[in-house]
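Novice: quick check, what structure comes out for this input:
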Amino acid sequence: MKIDELSASYLKKAEVRFKALFFYRENGAYSDVVREAQELVELLLKAVLRAIGVEVPKIHDVSRTLEKHRHLLHPALSSSLNEIKRISKRLRKERELSFYGAEDFIPTEEYGIEDADMAINDAEFVLKVVQEAFKNP
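Specialist: Model (predicted):
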């Protein structure tokens, strides 16, 4: 792994966003927790792809690309990849609904504290694994 300035920047942005999740949670903005958690995870996984020298696809869930290049991943990432993929896919499914909603889906009414807590826990899991990989490349 080669951590360049942009990869390091993505990690730093993700760390700041992680702190912001608690602000949203404390203010009852549960749908915003879910949306921001998705963006945080996306940033982290794209930082990993850059660090292993793989072109970053312009999609929101890069878990297939990570799987394709599993052999290049740091051991901490490789051993956690199944969970990381599950998290990325789940949050990707929530991306638009949590932000825009739909005629029959009002984000501020549909998302609750349980959804926010799950998103925070998932984001924290991915953040810790990526931090470990970047700390000891």
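
Novice: only C-alpha atoms for contact and neighbour calcs from this point on.
Specialist: Noted.

Novice: and the spatially most central residue of the chain, what does it touch?
Specialist: Geometric centre of the chain, nearest residue: Val41, 0.9 Å, by CA atoms, centre = their mean. Applying CA atoms under 8 Å, 6 or more residues apart in numbering to Val41 gives the contacts Ala14, Ser88, Ala123, Val126, Leu127.

Novice: now, which of these sits nearest Asp117?
Specialist: Nearest to Asp117, judged by CA to CA, of these is Ala123 at 9.8 Å.

Novice: okay, the closest one: pLDDT?
Specialist: pLDDT recorded at Ala123 is 98.

Novice: not counting its own residues, what contacts the helix or strand it falls within?
Specialist: In the assignment (DSSP states H and E), Ala123 maps to helix 113-135. Contact with helix 113-135 is made by 3, 11, 14-15, 18, 21, 25, 28, 30-31, 33-34, 37-38, 40-41, 44, 48, 74-77, 80, 84, 87, 91, as judged by CA under 8 Å, 6+ apart.

Novice: how far does it sit from its chain's centre?
Specialist: Relative to its chain's centre, helix 113-135 lies at 7 Å (CA atoms, centre = their mean, to the nearest Å).

Novice: could you number the chain from 83 rather than 1 from now on?
Specialist: New numbering, starting at 83: the last item is helix 195-217.

Novice: just checking, what's the longest helix in the chain?
Specialist: Ordering each helix of the chain by length in residues (DSSP state H) puts helix 157-181 first.

Novice: what residues sit buried inside it?
Specialist: 158-160, 163, 166-167, 169-171, 173-174, 177, 179-181 (16 or more other CA atoms under 10 Å).

Novice: packing partners of it?
Specialist: helix 112-133, helix 145-150, helix 189-192, helix 195-217 (3 or more CA pairs under 8 Å, 6 or more residues apart in numbering; DSSP states H and E).
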